[in-house]
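1. 3D model of this:
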Amino acid sequence: MRGALAAALALASLGVHDAAAQVPSENGSSPRHRLIPPECVLIYNANSSTSEDLARYYAKRRGVPDDHLLGIRMPIRESIGREEYEERIAPAVRRFLADQVWGRSVRCLVTFYDVPLRVQRDKATNAELTRAGEVEQRFHEVCDQIETLMASELGTLPGAAAALPARAKRDKPEYLSELFKRYSVQRNVLRQRLRDVTDDEGMRLQAALLESVGRLEGEPALLATFRPQGQPGDDVRSATVAELLVQFDRMRKRIQEILAKGVMSDERPQAWPLIERTEGLFRLAERLAVDVRTLRGEETSAALDSELALVLTESHETYRWLPNPAFSGGDLNAHRSASGSPATTVDSGASPALMVARLDAPSAGLVRRMIDDAIAVEASGLSGTVYIDARGIGTRDTYGLYDDDLRKLADWVRSKTDLELVLNNNPELFGAGECPKAALYCGWYSVGEYVDAFDFVPGAVAFHIASFELRSLRNADKRYWCPELLRDGVVATLGPTAEPYLHTFPLPSEFFGLLLTGEYTLAECFQRANPYLSWQMCLLGDPLYRPFARSPKLKMADVIPAGGPPPDAEPGQ
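-> Numbering: from 1, shown residues only. Purely as a prediction, here's the structure:
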């Protein structure tokens with residue numbers, strides 16, 4: 001295959017879900033798809049009469065059809081084992097949707113009080129640990145191949161030599177990211193050198209670049225690196241390249257077929273040479289590293305709601321996170337490649353991701369208040385003060401990105417809306433009692449230590465960027481932000497059930513920006529702003545809530561980033 005591709009390049013001179021309801025916009029823009037009650041399924045714990053009562057109460061208040069309620073018998077506790085989730089909860093939801101004539105029109109699942117909050121990490125069996133050792137051996141072999149290639153022609157050019165990441169770091173998710181950055185520098189130095197030479201030395205360097213790109217990034221990358229500049233009518237070259245692209249596509253499909261059979265499948269190693277050919281040694285090493293961590297059960301816990309978003313995909317990766325296909329993008333995309341994320345190597349399948357929201361709180365009475373306040377405020381409109389608590393960070397890393405985004409949201413509120421704004425741009429948080437008439441709040445960073453600075457108006461929406469803030473809703477001995485915000489009066493918040501890593505939080509400007517347009521429901525705002533699924537983030541609140549439906553504060557053009565999904569795009573498209 002590599003010989004065929006090289007021959008083709010040598011022919012030219014080389015150079016470096018179903019239709020949703022359309023609701024007319026209330027601020028004069030074009031109609032857009034918006035979540036409506038018949039597109040929701042309400043999931044309650046059949047072992048809890050409180051859970052069922054709350055689901056039926058919500059269905060009556062919002063007009064969700066009675067046959068859209070699903071009771072599943074589950075333990076009445078906040079954590080559930082993955083085996084129990086996969087054998088009891090996920091199949092029940094799939095069967096329920098498949099058995100209904102309207103099942104394919106469902107876009108949102110709503111979980112209720114006493115439905116478990118999280119899925120615990122996988123527990124590795126002896127067989128899985130044995131397989132992990134075998135895959136890890138192959139991982140080290142591939143890393144050795146990568147380093148050998150990087151130390152050859154690529155590493156001898158002026159400006160390209162640099163120390164590689166220490167071998168001892170290979171067990172860290174960041175190792176491959178660091179290695180690829182080093183390779184990118186080497187590749188770019190070689191490309192620049194090629195522009196300066198045209199003799200035999202240039203041909204030798206060109207051959208070295210062909211070899212490194214083909215081996216390390218995959219054969220299809222050669223077409224991007226060396227784009228044929230043929231003359232019109234060169235049917236031989238065009239047909240050869242077209243045939244190769246078809247073959248690459250077939251290999252990718254075969255890879256997905258194999259991966260879908262699970263990490264313990266005996267066919268798994270058959271995907272390795274195909275991954276090497278189509279995506280290169282770097283992607284193969286990343287795939288192997290993910291398999292090792294999955295087999296060992298590392299970082300495989302998740303919010304139950306985040307798993308339910310992918311319930312229509314019967315098999316998917318459980319290590320860390322999967323990219324949300326409905327994520328609108330924004331400035332967060334630039335930070336994904338530096339996150340140590342395996343997300344680019346996995347495929348959640350062709351099935352759409354569902355929206356998921358949770359009506360849950362420290363007490364059943366609070367859940368009813370969340371429902372009642374959302375409906376009442378939606379009818380009249382949310383008013384009050386917006387409080388933004390940044391930290392004055394000026395760095396260009398992910399911390400700086402989120403701090404800048406808080407200030408970006410503040411600038412929008414100040415310059416484009418009539419809402420009162422209070423911005424704190426100091427390391428210290430708002431102090432006790434400093435935030436009266438709070439309608440919206442976002443800030444950071446106080447882990448597990450809620451600061452009661454707020455007097456929230458009915459219908460308020462707030463979230464705090466910090467780890468573990470949704471670890472529990474019931475533990476009265478802890479001061480996690482999510483339960484305390486609900487106790488203090490907000491109707492909606494979001495947070496992680498375990499350590500999420502900063503870059504997996506929704507950007508405040510995207511979540512609150514969409515909410516301020518009045519065009520989207522709460523669930524849709526979260527779906528578009530949440531970058532990852534099968535991970536820790538969870539939304540608490542009425543999924544149909546639109547606090548600014550009557551009085552939009554921002555326009556869609558202010559919020560949807562250039563190149564992001566258009567406002568009318570269906571979820572998952």
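2. where in the stretch 451-573 of the chain is pLDDT low?
-> For the stretch 451-573 of the chain, the stretches with pLDDT under 70 are 561-573.
3. all helices for it, in order.
-> 481-487, 508-517, 522-529, 556-559 (DSSP state H, counting those that start in this stretch).
4. helix or strand with the lowest mean pLDDT in the chain?
-> Within the chain, no helix or strand scores below helix 2-10, which has a mean of 43 by mean pLDDT, DSSP states H and E.
5. and the protein, what are its domain boundaries?
-> 17-123+300-328+347-381+460-573, 125-295 (automatic domain parsing).
6. ends of the shortest one, what's the gap?
-> Domain 125-295 has an end-to-end distance of 8 Å (criterion: CA to CA, to the nearest Å).
7. show the average pLDDT along it.
-> Throughout domain 125-295, pLDDT has a mean value of 83.
8. what about the closest residue to E39 other than its chain neighbours, neighbour count?
-> Nearest residue to E39 in three dimensions, chain neighbours excluded: R107, at 4.4 Å (CB to CB, 6 or more residues apart in numbering). In short, each C-beta sits where N, CA and C put it, glycine included. Residues near R107, counting by other CB atoms under 10 Å, number 27.
9. just F112 next, same as before
-> Neighbour tally, F112, other CB under 10 Å: 26.
10. could you do L421 as well?
-> Neighbours of L421 (other CB under 10 Å): 17.
11. surely it forms part of a strand?
-> Yes: remark: L421 belongs to a strand, assigned using DSSP: H, G, I helix; E, B strand; the rest coil.
12. and it, how far from D389?
-> 12 Å (CB to CB, to the nearest Å).
13. swap in V197?
-> 56 Å.
14. pick out whichever of these two has more residues nearby.
-> More crowded of V197 and D389, by other CB under 10 Å: D389, with 26 against 13.
15. contacting residues around R407?
-> Going by CB atoms under 8 Å, 6 or more residues apart in numbering, R407 touches 388, 390, 423, 425.
16. just these: which are in strands?
-> Mapping the contacts of R407 onto strands (DSSP state E) picks out 388, 423.
17. tell me the one among the contacts of R407 nearest to P547.
-> Set against P547, the nearest of the contacts of R407 by CB to CB is I388 (17.1 Å).
18. that closest one: neighbouring residues, count only.
-> Residues contacting I388 under the criterion other CB under 10 Å number 24.
19. am I right that it is in contact with N426?
-> No: if you go by CB atoms under 8 Å, I388 and N426 don't touch, sitting 11.9 Å apart.
20. show me the helices in the stretch 1-150 of the chain, by range?
-> So, for the stretch 1-150 of the chain - with DSSP H, counting those that start in this stretch - the helices run 2-10, 49-62, 82-84, 90-99, 126-151.
21. got JSON lines for those helices, with distance to D171 and mean neighbour count too?
-> What follows is these, written out as JSON lines (distance: least, CB to CB, whole Å; neighbours: other CB atoms under 10 Å):
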{"stretch": "helix 2-10", "distance to D171": "31", "mean neighbour count": "15"}
{"stretch": "helix 49-62", "distance to D171": "42", "mean neighbour count": "19"}
{"stretch": "helix 82-84", "distance to D171": "23", "mean neighbour count": "15"}
{"stretch": "helix 90-99", "distance to D171": "31", "mean neighbour count": "16"}
{"stretch": "helix 126-151", "distance to D171": "9", "mean neighbour count": "16"}
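22. can you say which of these is nearest to P483?
-> Short answer: helix 49-62, nearest of these by CB to CB, at 16.5 Å.
23. could you export stretch 196-208 as CSV, CA atoms only?
-> C-alpha atoms of stretch 196-208 as CSV (Å, rounded to 0.1, in the frame of the first residue of the first chain):
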residue,chain,number,x,y,z
ASP,A,196,15.9,26.0,0.4
VAL,A,197,17.4,23.1,-1.5
THR,A,198,16.6,21.6,-4.9
ASP,A,199,19.5,19.3,-5.5
ASP,A,200,20.2,15.7,-4.5
GLU,A,201,20.2,16.9,-0.9
GLY,A,202,16.6,18.1,-1.4
MET,A,203,15.5,14.8,-2.8
ARG,A,204,17.0,13.0,0.2
LEU,A,205,15.3,15.2,2.6
GLN,A,206,12.0,14.8,0.7
ALA,A,207,12.3,11.1,1.0
ALA,A,208,12.9,11.4,4.7
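24. buried set for that stretch?
-> 205-206, 208 (16 or more other CB atoms under 10 Å).
25. ok, so of the residues you listed, who is nearest V41?
-> Distances from V41 to these, taken by CB to CB, are shortest for A208, at 56.9 Å.
26. how far away is the closest one from Y445?
-> For A208, the distance to Y445 - CB to CB - is 47 Å.
27. one more: A357?
-> 25 Å.
28. the more surrounded of those two?
-> Between A357 and Y445, counting by other CB under 10 Å, A357 is the more crowded of the two (28 against 17).
29. look up how far F112 lies from that one.
-> Distance, A357 to F112, using CB to CB: 10 Å.
30. go on, T313?
-> 23 Å.
31. likewise for L554?
-> 31 Å.
32. now swap in S152 and tell me
-> Applying CB to CB to S152 and F112 gives a distance of 60 Å.
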